[in-house]
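In: here is the input, now give the coordinates:
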Amino acid sequence: MANDWQELTRLTQGEEIRVERVKMTRTGIALEGEFELPPLAQITSEDQIFVMAFIQANGSIKEMEKVFGISYPTVKNRLKRIADQLPLTESAPPRSNKSEILEQLSAGEITADEAIRKMS
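Out: Presented below is the predicted three-dimensional model:
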């Protein structure tokens with residue numbers, strides 16, 4: 001399956017593509033519509049391989065130096081170049097720390113119920 005994505009990436013040469021049909025192999029159910037590829041599937045196959053290797057190396061730049069035979073700055077620059085192509089993921093808002101919540105509670109800025117909700 002990974003080779004299929006790499007071949008598709010090579011064939012499209014960076015052109016934007018849309019998937020119009022998705023079939024689940026186990027059930028045979030197919031969905032039709034217009035689906036955008038996930039961001040990682042939109043980067044070049046070489047960059048996909050680099051990202052997979054980085055993950056398998058547990059984020060170790062030293063390991064990436066060994067695997068690819070490149071310098072530390074080259075690994076960092078390539079990771080930055082790839083990261084610049086990918087959108088930031090949305091994440092949950094940061095959770096307040098307990099001392100901040102307790103300060104808000106003592107200052108009367110929030111109720112006890114709000115403090116409990118924020119801490120859970």
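
In: what ranges does this structure have for its helices?
Out: Taking DSSP state H, the helices of the chain run over residues 2-12, 45-56, 61-68, 72-85, 98-106, 112-119.

In: possible to save those helices as a markdown table with distance to Val19 and mean pLDDT?
Out: Backbone N, C-alpha and C define where each C-beta goes, glycine included. Shown next, in a markdown table, are the helices of the chain (distance: least, CB to CB, whole Å; pLDDT from 0 to 100):
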| stretch | distance to Val19 | mean pLDDT |
| --- | --- | --- |
| helix 2-12 | 10 | 70 |
| helix 45-56 | 16 | 93 |
| helix 61-68 | 31 | 95 |
| helix 72-85 | 19 | 94 |
| helix 98-106 | 45 | 83 |
| helix 112-119 | 41 | 83 |
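
In: wait, Ala53 sits on Glu65?
Out: No: checked against CB atoms under 8 Å, the pair Ala53 and Glu65 is beyond contact range at 11.4 Å.

In: which parts of stretch 38-52 are buried?
Out: Neighbour-count burial for stretch 38-52 flags 42-43, 45, 47-48, 50-51 (criterion: 16 or more other CB atoms under 10 Å).
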